[in-house]
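*Asks:* build me a model:
(2 chains)
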Protein chains: 2
Amino acid sequence: MNKEGKLIVISGPSGAGKGTVLGELLDSHEEFVCSVSATTRAPRPGDVDGVNYFFISKEDFVSQIEQNGFLEYAVYNNNFYGTPRKFVEEKLASGKNVILEIEVQGALQIKKLFPGAIFIFITPESFEVLSQRLRSRGTESEEVVEKRLAIAKKEAPNALLYDYIIVNRQGEIKKAAEEIYACVLAENLKPLANRDVIATYFE
Amino acid sequence: MNKEGKLIVISGPSGAGKGTVLGELLDSHEEFVCSVSATTRAPRPGDVDGVNYFFISKEDFVSQIEQNGFLEYAVYNNNFYGTPRKFVEEKLASGKNVILEIEVQGALQIKKLFPGAIFIFITPESFEVLSQRLRSRGTESEEVVEKRLAIAKKEAPNALLYDYIIVNRQGEIKKAAEEIYACVLAENLKPLANRDVIATYFE
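*Replies:* The predicted structure follows:
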């Protein structure tokens, strides 16, 4: 497995079910890994440090920015989120497909650094379903929910700039995970990826 | 199933194993159908009229051209090959993905008529493997084999104009079939295909 892996950027509104879909993908395809982001936000119930996020202080975060330790970072809902550079670069070099689950702001930064990355936006089947899911999660106050929904509305048009949009319909987690897999497979079938084979006809 | 199906154009050199890969795809995914081409070439051992091709005379072929009965047609190795228009249009309207297995010349005609079609080129892992396969098939004279190889060499650069190149490696028919499926799935995840979902955020 010498071939470099693909970088896959996943975005989508809070409540789209990104984490669940990615969990399913990782369970069924060992050639994928998720990058673990660093954040200054407080852990939510069930969050595990080093698994869901590296939970660090604002001071630490700023110091790592200064040392060029992040591929991208963004401020979202008054907290910093960043992608540690070293992990991603090492995994790609070893042939793994590396998934970054990041916000739209961060995705735009990655597009400049990795033009060959695959950009996938995950959404529920409608804004209405998103509202229901966020409220039924019951982990945030109505005020936070309203804030997240406002951000979702503001960022949704950016979905049309992504390479693919995957609709994570209720009860169809496996389907959404297989769709991510298909996108990556298809990207690896584009002509430039196979030009060595075609070149054998030229001799 | 009201959504219109996708038109999928498959090309590749004689001996690439296109027929075997497509047979595998059709067996495992009922939403795909193959268009049956009309041809003036003589049937090969095992060819069934109406299944592999409609075998018709040159006079009939020319008469159907005049009646606009073909989506595309081409002359290849001194024989006519054409895609009957009606079958394709009806199947697409019913929601089926319709596969056209056609030569490079015909594919270029289809690109003008159906800009949304998906163009897939199938090849063995190298020109050398292609030569071996054609010779081991033993159904054609060395002269015909040489002619086919010359055509393959001439047409291979066109592969780089297709949307996807699928390498049909020895013993990996199933993999190649699943790759066609993934290409079609991925095309249906492109942003424009899902703009209705994103539009629900705009209200």
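*Asks:* just the element for A:Leu22, please.
*Replies:* If you go by DSSP states H and E, A:Leu22 is part of helix A:18-28.
*Asks:* which residues are contacting that helix?
*Replies:* The contact list for helix A:18-28, computed with C-beta atoms under 8 Å, 6 or more residues apart in numbering or on different chains, reads A:10, A:12, A:32-34, A:52, A:99, A:101, A:122, A:166, A:168, A:173-174, A:176-177, A:180-181. No exception for glycine: its C-beta is placed from N, CA and C like everyone else's.
*Asks:* where do the helices sit along chain A?
*Replies:* Here chain A has its helices, by DSSP state H, at A:18-28, A:58-66, A:85-93, A:104-113, A:127-137, A:142-155, A:173-187, A:195-199.
*Asks:* switch those helices over to JSON lines; also include mean neighbour count and mean pLDDT.
*Replies:* Converted to JSON lines, the helices of chain A look like this (neighbours: other C-beta atoms under 10 Å in any protein chain shown; pLDDT from 0 to 100):
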{"stretch": "helix A:18-28", "mean neighbour count": "17", "mean pLDDT": "95"}
{"stretch": "helix A:58-66", "mean neighbour count": "13", "mean pLDDT": "96"}
{"stretch": "helix A:85-93", "mean neighbour count": "15", "mean pLDDT": "93"}
{"stretch": "helix A:104-113", "mean neighbour count": "17", "mean pLDDT": "86"}
{"stretch": "helix A:127-137", "mean neighbour count": "17", "mean pLDDT": "93"}
{"stretch": "helix A:142-155", "mean neighbour count": "15", "mean pLDDT": "94"}
{"stretch": "helix A:173-187", "mean neighbour count": "20", "mean pLDDT": "97"}
{"stretch": "helix A:195-199", "mean neighbour count": "16", "mean pLDDT": "94"}
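*Asks:* nearest to B:Phe114, of those helices?
*Replies:* helix A:173-187 (19.0 Å; C-beta to C-beta).
*Asks:* I'd like the distance from that closest one to the chain centre, please.
*Replies:* Helix A:173-187 sits 14 Å away from the centroid of its parent chain (C-alpha atoms, centre = their mean, to the nearest Å).
*Asks:* which residues does it contact?
*Replies:* Contacts with helix A:173-187, where a contact means C-beta under 8 Å, 6+ apart, come from A:6, A:8, A:10, A:17, A:20-22, A:24-25, A:28-29, A:97, A:118, A:120, A:122, A:163-164, A:166-169, A:193, B:164, B:179, B:181-183, B:185-187, B:189.
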